[in-house]
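Q: I would like to see how this sequence folds:
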Amino acid sequence: MTCDRDRALLAFYVSSGARASELLQLRLEHVDWAGMRIWVVSKGSQTLQEVPASPEAVAYLALYLDEHGLPQDDQPVWRALHGRPRPLTYSAMRAVLNRANVKLGTNWTLHDLRHTAAARMAGDPELSIVEVQAVLRHRHLSTTERYTRIRVEELIDKLQEHYARPQVERHFSPGYDPADIQAVFGG
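A: Sure, this is the predicted structure:
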């Protein structure tokens, strides 16, 4: 990201789990600076709902507003940086991300950023899946559960720990033929 506006947007996307269009409509009066949260108009209910924001996102938002000034009343926070003052559109934000994709050799979409937030939250052992559902504002828990997939890297680490543990020596009750034990349980 080449400017504080874009850094702020990226940080909000990957920390809040807000949908692309929800975040682009953010109003200044819907930023709780001290509480590190924002309110967005939710896609499903069309009601104002709070979502978390990372300290990094809020800091970049402050830097962006310091440099470019406050938006007019009842206008979105995010504005185009060139030409006449106007709200940042979905396609303009997508173009910002596409420029980053070209430099990085990636193919991310704005929705991928929401997925990143969801996967990070779902992978945090301190957050329950129901809490993640609430943050993402999913109607059904099954939608949120898609983000609980096991990461191969974590599985490999756990298996390496498993293999490194000492093996417990098994003892069987007297009277069993050792050949039968070998046939059933291996050696």
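Q: residues contacting stretch 25-45, please?
A: Residues from elsewhere that reach stretch 25-45 (C-beta atoms under 8 Å, 6 or more residues apart in numbering): 12, 16, 18-19, 21-23, 47-55, 58, 61-62, 65, 70-71, 74-78, 137, 139. Heads up, the C-betas are built off the backbone N, CA and C, glycines and all.
Q: quick one, strands of this protein?
A: Secondary structure of the chain (DSSP state E): strands at 31-32, 37-41, 48-52.
Q: the shortest one: how far from the chain's middle?
A: Okay, so that is strand 31-32. Chain-centre distance of strand 31-32: 19 Å, with C-alpha atoms, centre = their mean, to the nearest Å.
Q: so what strands line up beside it?
A: As defined by DSSP bridges, the strand partners of strand 31-32 come to strand 37-41 (antiparallel).
Q: compute the inter-axis angle for the strand it pairs with and strand 48-52.
A: Taking axes from the mean of the first three to the mean of the last three C-alpha atoms, to 10 degrees, one finds strand 37-41 and strand 48-52 inclined to each other by 140 degrees.
Q: and strand 37-41, average pLDDT?
A: The pLDDT scores in strand 37-41 average 93.
Q: list the buried ones in it?
A: Residues of strand 37-41 classed as buried: 38-41 (neighbour count, 16 or more other C-beta atoms under 10 Å).
Q: could you dump the strands of the chain to TSV with distance to residue 120?
A: Shown next, in TSV, are these (distance: least, C-beta to C-beta, whole Å):
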stretch	distance to residue 120
strand 31-32	21
strand 37-41	17
strand 48-52	12
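Q: so which of the ones you listed gets nearest residue 121?
A: The closest of the strands of the chain to residue 121 is strand 48-52. By C-beta to C-beta, the value is 9.2 Å.
Q: show me what the closest one pairs with in its sheet, parallel or antiparallel.
A: Sheet pairing of strand 48-52 (DSSP bridges) gives strand 37-41 (antiparallel).
Q: can I get the strand it pairs with in CSV, CA atoms only?
A: Listed next in CSV are the C-alpha coordinates belonging to strand 37-41 (Å, rounded to 0.1, in the frame of the first residue of the first chain):
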residue,chain,number,x,y,z
ARG,A,37,-14.4,-0.1,16.9
ILE,A,38,-16.5,1.1,14.0
TRP,A,39,-20.1,0.9,13.0
VAL,A,40,-21.1,-0.3,9.5
VAL,A,41,-24.4,-0.7,7.8
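Q: let the chain start at 47 from now.
A: New numbering, starting at 47: the last item is strand 83-87.
Q: leaving out chain neighbours, which residue sits closest to residue 193?
A: Excluding its sequence neighbours, the residue lying closest to residue 193 (C-beta to C-beta, 6 or more residues apart in numbering) is residue 168, at 3.8 Å.
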